[in-house]
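Chemist: With the sequence up front, the predicted model follows.
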Number of protein chains: 2
Amino acid sequence: MALTRKGQATRDRIVAAASRLMLDQGVARTTIEDIQAAAAVSPSQLYHYFPGKNALVLAVIEYQSGQVLDVQREGLDRLDDFDALGNWRDLMVGILTATQCAGGCPLGSLASDLSEADPVARVQLANAFQMWESLIEDGLTRMQSRGELSPSADTAQLAVAMLAAVQGGLLLSQVRRTPDPLIKAVDTMIDHLRTLAVS
Amino acid sequence: MALTRKGQATRDRIVAAASRLMLDQGVARTTIEDIQAAAAVSPSQLYHYFPGKNALVLAVIEYQSGQVLDVQREGLDRLDDFDALGNWRDLMVGILTATQCAGGCPLGSLASDLSEADPVARVQLANAFQMWESLIEDGLTRMQSRGELSPSADTAQLAVAMLAAVQGGLLLSQVRRTPDPLIKAVDTMIDHLRTLAVS
DNA sequence: CTGTTTTTGGAGTATCAACTCCAGAATCGG
DNA sequence: CCGATTCTGGAGTTGATACTCCAAAAACAG
């Protein structure tokens, strides 16, 4: 018996609360007490499920990676033409405006926060970004094999550049509190892909 | 008498030490005591120059903005053709590799760290990014008026997209510990500009 | 049911971090 | 030089924070 149903629910509640708090205050500013209050658990509960704050941080990364990748799969799984690309853009812009541009990208924020402070977290985040990048690259490759993109287009490079545009755009949007930078960054990348379209 | 020469030197030492520490540990993880040790000052000295940690953070933003913008001006002031653009790229890649891809962009890191935690800091960082963006846009406009770029190119949008590519590229490079993402992101934007060149 | 394991409540501790205070040393303007 | 101001050293205070402990309640397997 590893975790009873109730135990699993409590653990989930802790991770979800921690994720929300760490996303909009930063990891270091989020105290165990904050999390206890938000998840409505006692200290002993929290330490029953996690040996310490560090382990909780890793669980949060896993949770946020899942959330982000689920949304991205939704937008990228069937990507095979420019229309679908536009829908993916709209999906991200919609999420951003829904939150008034606060918080930025969950993975990007965690990455910036933890890359230097926690090497294990850094690697785990690198893996999540790698999966995200693969989703983009796979979509571009599908477009390419469908004849939407030139066979000479370097889909691997374009995927990295697109992911960078998204991350940079989200960061600037977070700082400026307007979706404008994300829109312009992604649209510019889409413009570039259009120059690589088979005419 | 506002600050004696010695006083100015001490203040500078504090800001420089705080900047270094906050860049590679994050603001919240950097304690006043860390800064005292790194700058070799006593608590009373630190609080003589700054009312509290918050004020010190603002001074750090100002300092890092100056550092970054100085470097960017060096690379962008005389930007007027594709060669100069390549040199700018090399300049940034050189700085990144010199630090083994650790730390990321000082402004980007601070922005991600402070955007939600400190509204005043957020605005100050937004201003710094605005200046950076203007440097890029001015360069692109110069290229345009020299006939290197098509008159129909939207230099304002391209400048935002380029800045986003740099920020996103630096973030990914920081997470992956290789300059590859920055290189690919910026090179892709330069490729795009070439498609807008007057042929 | 029943013995075993998991889950929970809540009080308690040790450490750390931000900040204060004040007296003495160095520096400055004239 | 000298009076006024700025600068410095270091001990001390207050509150927060991560984490511990243990006994009781709940859930589970057979």
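Modeler: Received it, and whenever you're ready, just let me know what you need. Only a predicted model underlies this, so the values are computations on that prediction, with no experimental measurement involved.

Chemist: and the nearest residue to A:D34 once chain neighbours are set aside, what is it in contact with?
Modeler: The shortest distance from A:D34 to any non-neighbouring residue, by C-beta to C-beta, 6 or more residues apart in numbering or on different chains, is to A:L21 (5.5 Å). Using the backbone N, CA and C atoms, a C-beta is placed for each residue, glycine as well. By C-beta atoms under 8 Å, 6 or more residues apart in numbering or on different chains, the contact set of A:L21 is A:30, A:34-35, A:38.

Chemist: Return the residues of chain A in contact with DNA strand C.
Modeler: Applying C-beta under 7 Å from any atom of the strand, we find that chain A lies next to DNA strand C at A:1-4, A:6-8, A:10, A:41-45, A:48.

Chemist: Identify all contacting residues around the host helix or strand of A:E33.
Modeler: A:E33 belongs to helix A:32-39 when assigned by DSSP states H and E. Defining contact as C-beta under 8 Å, 6+ apart, one finds that helix A:32-39 is touched by A:10, A:13-14, A:16-18, A:20-21, A:25, A:42-43, A:46, A:53, A:56.

Chemist: quick one on the thing from earlier: put the buried members of the contacts of A:L21 into a ChimeraX selection.
Modeler: The following ChimeraX line selects those of the contacts of A:L21 that are buried, judged by 16 or more other C-beta atoms under 10 Å in any protein chain shown:
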select /A:30,35,38
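
Chemist: Turn the contacts of A:L21 into a markdown table, columns for pLDDT.
Modeler: Supplementary listing: the contacts of A:L21 in a markdown table, determined by pLDDT from 0 to 100:
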| residue | pLDDT |
| --- | --- |
| A:T30 | 98 |
| A:D34 | 97 |
| A:I35 | 98 |
| A:A38 | 97 |
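
Chemist: so which of the contacts of A:L21 also contact DNA strand D?
Modeler: A:T30.

Chemist: Of the contacts of A:L21, just say which sits nearest to B:P179.
Modeler: A:T30 (31.6 Å; C-beta to C-beta).

Chemist: OK, contacts around the closest one?
Modeler: Counting by C-beta under 8 Å, 6+ apart, the residues that A:T30 touches are A:18, A:21-22.

Chemist: Show me the contacts of helix A:32-39 that map onto helices.
Modeler: A:10, A:13-14, A:16-18, A:20-21, A:25, A:43, A:46, A:53, A:56 (DSSP state H).

Chemist: Who's the closest spatial neighbour of the residue of chain A at minimum distance from DNA strand C, skipping the chain neighbours?
Modeler: Going by C-beta to the nearest atom of the strand, DNA strand C is nearest to A:G7 of chain A, at 1.9 Å. Leaving aside its sequence neighbours, A:G7 sits nearest to A:Y49 (C-beta to C-beta, 6+ apart; 7.6 Å).

Chemist: Could you report the neighbour count for A:G7?
Modeler: Applying other C-beta atoms under 10 Å in any protein chain shown, we find 14 residues neighbouring A:G7.

Chemist: and it, how far is that from A:A98?
Modeler: The gap separating A:G7 from A:A98 is 32 Å, by C-beta to C-beta, to the nearest Å.

Chemist: sorry, back to before: out of the ones in helices among the contacts of helix A:32-39, which end up buried?
Modeler: Using 16+ other C-beta under 10 Å as the burial test, these include A:10, A:13-14, A:17-18, A:20-21, A:46, A:53, A:56 as buried.

Chemist: between the residues you listed, which is nearest A:L79?
Modeler: Of those, the one sitting nearest to A:L79 (C-beta to C-beta) turns out to be A:R20, at 29.3 Å.

Chemist: Let me know the average pLDDT across the lengthiest helix in chain A.
Modeler: As assigned by DSSP H, the longest helix anywhere in chain A is helix A:119-145. In this model, helix A:119-145 has a mean pLDDT of 98.

Chemist: Let me know whether that helix sits next to chain B.
Modeler: Yes - counting by C-beta under 8 Å from any C-beta of the partner chain, contacts between helix A:119-145 and chain B involve A:122, A:125-126, A:129.

Chemist: How about stretch A:146-155?
Modeler: No - for a cut-off given as C-beta under 8 Å from any C-beta, stretch A:146-155 has no contacts with chain B; the smallest distance is 8.8 Å.

Chemist: can you give me the end-to-end distance of that stretch?
Modeler: One end of stretch A:146-155 sits 14 Å from the other (C-alpha to C-alpha, to the nearest Å).

Chemist: and it, which residues are buried?
Modeler: Of the residues in stretch A:146-155, those buried (16+ other C-beta under 10 Å) are A:148-149, A:153, A:155.

Chemist: Just give me the closest of the residues you listed to chain B.
Modeler: Closest approach to chain B among the buried residues of stretch A:146-155 (C-beta to the nearest C-beta): A:A153, at 10.4 Å.

Chemist: Just give me the neighbour total for the closest residue to that closest one other than its chain neighbours.
Modeler: Spatial nearest neighbour of A:A153, chain neighbours left out: A:L196 (4.6 Å); criterion: C-beta to C-beta, 6+ apart. For A:L196, the count of nearby residues is 21 (other C-beta under 10 Å).

Chemist: ok so, going back, what's the most distant pair in the ones in helices among the contacts of helix A:32-39?
Modeler: By the measure C-beta to C-beta, A:T10 and A:Q25 form the most distant pair in these, at 22.2 Å.

Chemist: name the helices or strands packed onto the longest helix of chain A?
Modeler: Secondary-structure packing of helix A:119-145 (3 or more C-beta pairs under 8 Å, 6 or more residues apart in numbering or on different chains; DSSP states H and E): helix A:53-76, helix A:82-98, helix A:106-114, helix A:155-176, helix B:155-176.

Chemist: rerun at 6 Å
Modeler: helix A:53-76, helix A:106-114, helix A:155-176, helix B:155-176 (3 or more C-beta pairs under 6 Å, 6 or more residues apart in numbering or on different chains; DSSP states H and E).

Chemist: Redo the ones you listed as JSON lines? Include mean pLDDT.
Modeler: JSON lines is the format used below for the helices and strands packed on helix A:119-145 (pLDDT from 0 to 100):
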{"stretch": "helix A:53-76", "mean pLDDT": "98"}
{"stretch": "helix A:106-114", "mean pLDDT": "98"}
{"stretch": "helix A:155-176", "mean pLDDT": "98"}
{"stretch": "helix B:155-176", "mean pLDDT": "98"}
